[in-house]
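Colleague: would you be able to build a 3D model of this:
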Amino acid sequence: MRTAIDVFTNTIGSAWWYRQTLVITVCALVSRAAEPNYVKTTTYASGKDCSYCRSNGPVTTVTHTDGLGRTLQSQTLAEGVSEAMVTVEEYDDAGRPFKRSRLFAHASDGSYITDGMAKANSALGDPAYSKTDYSDDPLSRPIKSAAPGASFIGHEVEIWYFGTVTSPSTGHTWLTEKGFVKESKLGDLSSTTDFGLSSPSHYLTITKDPNGAYTQEMADAFGRTVATWASPADGEEIIAEYEYDLAGNLLKEIPPGGELGPTTYVYNTLGQLVRKKGPDAEGVIYSYNKAGLLENVYNGKLTEEAKRLAEQEDLLGAYGWLVYHYDNHNRQVLTEVRFEKHPRDVERVDEYHRKVRTIYDNSHDAEPFIKNSAFTVSKLNALSNTRGRIAVQIAYGEECECQNEADEGECTQKVIEAFSYDNKGRVVTKMVSIPRRDLQWFFYTYDYEGKLVSRNYKYESNKDMILTIYKYDDFGRLEEIHQDGVTRVSYTYNNRGQLSEKSFYEPEEFAGPAYTVAYKYHTQRDWLTEITSTEDFTAKFKEKLYYEDAPKGTNWARYDGNITATLMQQKTASGTEQWPYLHYKYDNTSRLTNVTHEQYGSHSMRLRYGSTYDYKKDGRFDIKQDGTDQSHWGQYRYLDDIRVDQSGKQSSRLSGIDGVYPEGTWLYDANGNMTVDKAKNMVVTYDWRDLPVMFSFYDNIVGATYYEVLANIENNTMTRLSHVKMLYDAGGNRVMKQAFKN
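Modeller: Numbers count the residues shown, from 1 in each chain. You can find the predicted model right below:
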């Protein structure tokens, strides 16, 4: 018979080469429930893997478990640090998780700490733990959850479970016509409440949050959520509904209030999503290959582009969609936009616009595509350890119309990234080619634990390198960032691992930091409560944040982490001081409804930051008064649901604001992207990923729809004054921004 210790010993013995990064030791102690029975020790190797790595000792985690495998204590220790980071867990008589302490610091060598919960209370204040109570029925469902902190006693999360029906009898004492508990009866709920239903068809879960607000969730016999209920204010109900097919796939999301259009989904027999329709964008169609991988995507924007193409070229018709190509290992290797054109007098013509190419394994496969870039064949030859990994990624800009590999090579607006890896699969070298720029080099080194310890950056034509070094403390936390031999940023932590100070340094200053930002936290809940920057001859900033300790009293207090007030002290370079004192109020669904700007002490300032917010049931803004000077702002107006079969429904696309911006101020494309802002005379162009690639500013905007505006641009009805262009890499990261005056 093999014991647990045999299994662990044999496992480690067969993997001797892994010991330099991870050592696991298991010791059998006493087989007794709720007592420490096993100890698992994980030690991350010390020593250097590079010249910049920290040389201090290892970080060790020690987990004490009982005979049932339940974690009793977790400790993290660092060599040279006397205090460990500790969490303690306790279980009730039925073996269910009962209490879990906050992280606390305690002197330890990794041995089991007796009376761990009491020590947590001593260090952090009683209660220093979260606590869960369960029902006494066989399901053992949680019915109450208490957060740490004496200030939060009486503000627990409470949960009730009931059976219900979707159409109760008229005038039911407890239930509404949809089967939810009436708002007026929620305060009367108890574990013995009986709705008097002989054959419940649905499950009803009711939750009261720490602020006393209730939410209800209704599930069918299969456990699928079919409706949710909330009340932002007394007497107002927000009910969202969901529909499913027999396989459990979500078919329809029906927003609350009846104004916003629903979102619908269609699936094939394999359960794959094949169509999605919502109120803000034309429907999207998906198709898959035989391996189940996404192959084609048809969206409204490409459909509209195809229609415009057909009009411009006098075609019988045209279709546009996204196509994804894969290799024999099911790795995505090419993304392209395809247009299928149907001329009047010849056969169908397919037009391709290649967008992203990914090359695996062999970097030489990228040779046909590096023309008109900063790459050379010798640079590709320098790549190493690319087998089974991405060697090169190429993203083609919107100005490129790459029909084939030759076009890809000729394209001048492309971003090429090439990678080398170490034996552990980590990127150690990255080369980046951006149009009209020298080749950029990035070199990375790591420590044994896999943390980045240095980044070396240089341009091909510049021999000088920018070396950034990352140093870590005994617990593996980022401690300092150095650049070119000078400390630029340093980080300090308290004994519980929270960031307490962040200091910034100027390159020419060696005596100390230019300024430091200090952070303080809630003593019971770890929420940020204060941010302070050191005062110097130019500026000063300090901010305090309040939660349950709302300065305006208990009616404003929040026990869920929402901020109830902020007090800021701002000092400008001219010596002027301001003390903005803002108070925040929320509705029962945690939506911000009111910001009050008040005078703080004798510090006078213009009270201009007060705001009020009203919402529709579906969460859209109804009326927003943003700032005291904006009291004239009126009701928000939205465009109709984009679908013709949803007459009377609206979308979440903002059209105008009464009294400020007339309807039609903002226009959108068929994918729901905001493309025209008439308030700024701005037109935004998006790429195939719906990323903005150009912001154009005109003397005037003419057109009632986005496509009318495009036609007027092509007809020179509008004069462009300036524009800004963006370029992205294959991952969607912006790598270039250019501004032009026309």
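
Colleague: where along the stretch 51-200 of the chain do the strands fall?
Modeller: Remark: strands of the stretch 51-200 of the chain, listed N- to C-terminal, are 59-65, 71-78, 83-91, 97-101, 104-107, 129-134, 142-146, 157-164; assignment by DSSP state E, counting those that start in this stretch.

Colleague: pull out the buried positions in the last one.
Modeller: When neighbours are counted by 16 or more other Cβ atoms under 10 Å, the buried residues of strand 157-164 are found to be 157-160, 162, 164. Bear in mind the C-beta positions are built from the backbone N, C-alpha and C, glycine included.

Colleague: from those, which is closest to Tyr493?
Modeller: Ranked by distance to Tyr493 (Cβ to Cβ), the buried residues of strand 157-164 are led by Val157 at 30.2 Å.

Colleague: thinking again about what came up before, how about CSV for the buried residues of strand 157-164, with distance to Trp666 and pLDDT added?
Modeller: Rendered in CSV, the data for the buried residues of strand 157-164 read as follows (distance: Cβ to Cβ, whole Å; pLDDT from 0 to 100):
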residue, distance to Trp666, pLDDT
Val157, 40, 98
Glu158, 43, 98
Ile159, 42, 98
Trp160, 44, 98
Phe162, 45, 97
Thr164, 42, 98
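
Colleague: which of those sits closest to Val595?
Modeller: Val157 (26.8 Å).

Colleague: the closest one pairs with what?
Modeller: Ser145 (DSSP bridges).

Colleague: go on, Val86?
Modeller: Gln75, Phe104.

Colleague: where does pLDDT dip in the stretch 501-650 of the chain?
Modeller: Using pLDDT under 70 as the threshold, the predicted model of the stretch 501-650 of the chain has low-confidence ranges 509-511, 536-539, 628-632.

Colleague: please, where are all the strands along it?
Modeller: Listed from the start of the chain, the stretch 501-650 of the chain has strands (DSSP E, counting those that start in this stretch) covering 515-521, 528-533, 540-546, 565-571, 577-578, 581-586, 592-598, 611-615, 621-626, 636-640, 650-657.

Colleague: can you give me the angle the second one makes with strand 515-521?
Modeller: Meaning strand 528-533. 170 degrees (axes from the mean of the first three to the mean of the last three Cα atoms, to 10 degrees).

Colleague: what does the third one give?
Modeller: Here strand 540-546 runs at an angle of 10 degrees relative to strand 515-521 (the same axes, to 10 degrees).

Colleague: output the contacting helices and strands for strand 540-546.
Modeller: strand 528-533, strand 565-571 (3 or more Cβ pairs under 8 Å, 6 or more residues apart in numbering; DSSP states H and E).

Colleague: show me what counts as buried in the last one.
Modeller: By neighbour count, and taking 16+ other Cβ under 10 Å as the criterion, the buried residues in strand 565-571 are 565-569, 571.

Colleague: coming back round to it: which one of the strands of the stretch 51-200 of the chain lies closest to Ser533?
Modeller: Taking Cβ to Cβ, strand 104-107 is the member of the strands of the stretch 51-200 of the chain nearest to Ser533, at 26.8 Å.

Colleague: what is the mean pLDDT for the closest one?
Modeller: Averaged over strand 104-107, pLDDT sits at 97.

Colleague: swap in stretch 731-742?
Modeller: 96.

Colleague: any chance of the helices and strands packed on strand 540-546 in a markdown table, plus distance to Ser655?
Modeller: Listed next are the helices and strands packed on strand 540-546 as a markdown table, based on distance: least, Cβ to Cβ, whole Å:
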| stretch | distance to Ser655 |
| --- | --- |
| strand 528-533 | 38 |
| strand 565-571 | 33 |
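
Colleague: for the stretch 601-742 of the chain, what spans make up the helices?
Modeller: Using DSSP state H, counting those that start in this stretch, the helices of the stretch 601-742 of the chain run over residues 706-714.

Colleague: residues touching Glu590, list them.
Modeller: Careful, residue 590 is Ser; it's not Glu. For Ser590, the residues meeting the contact criterion (Cβ atoms under 8 Å, 6 or more residues apart in numbering) are 213, 560, 562.

Colleague: ok, Gly409 next?
Modeller: When contacts are counted by Cβ under 8 Å, 6+ apart, Gly409 is found next to 368-372.

Colleague: buried among those residues? Make that a PyMOL selection.
Modeller: Filtering the contacts of Gly409 down to the buried ones (16+ other Cβ under 10 Å) takes a single PyMOL command:
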select buried, resi 369+370
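
Colleague: list the buried ones in whichever helix in the chain runs longest?
Modeller: Taking DSSP state H as the assignment, the helix of the chain that covers the most residues is helix 300-312. Applying a neighbour-count criterion of 16+ other Cβ under 10 Å, the buried positions in helix 300-312 are 300-307, 309-310.

Colleague: out of these, which comes closest to Thr205?
Modeller: Gly300 (37.6 Å).

Colleague: I'd assumed Arg591 was in contact with Ala213.
Modeller: No - between Ala213 and Arg591 there is no contact, the gap being 11.1 Å when judged by Cβ atoms under 8 Å.

Colleague: the more surrounded of those two?
Modeller: Neighbours were tallied for Ala213 and for Arg591 using other Cβ atoms under 10 Å; the higher tally belongs to Ala213 (18 against 12).

Colleague: how about the contacts made by the more buried one?
Modeller: For Ala213, the residues meeting the contact criterion (Cβ under 8 Å, 6+ apart) are 230-231, 588-590.

Colleague: among those residues, which two are most distant?
Modeller: Using Cβ to Cβ, the two most remote members of the contacts of Ala213 are Ser231 and Ser590, lying 12.4 Å apart.

Colleague: which residues touch the longest helix of the chain?
Modeller: 281-284, 315-322, 337, 339-342, 642, 669-671, 673, 686, 688, 690, 707, 710.

Colleague: between helix 706-714 and it, find me the angle.
Modeller: Counting by the same axes, to 10 degrees, helix 300-312 points 50 degrees away from the direction of helix 706-714.

Colleague: helix or strand right after helix 300-312?
Modeller: Sequence-wise, the next helix or strand downstream of helix 300-312 (DSSP states H and E) is strand 317-326.

Colleague: could you chop this structure up by domain?
Modeller: For the chain, whose domains are defined here by automatic domain parsing, the residue ranges read 1-132, 149-277, 634-742.

Colleague: what bits of this structure have low per-residue confidence?
Modeller: Residues of the chain meeting the criterion pLDDT under 70: 1-34, 45-56, 509-511, 536-539, 628-632.
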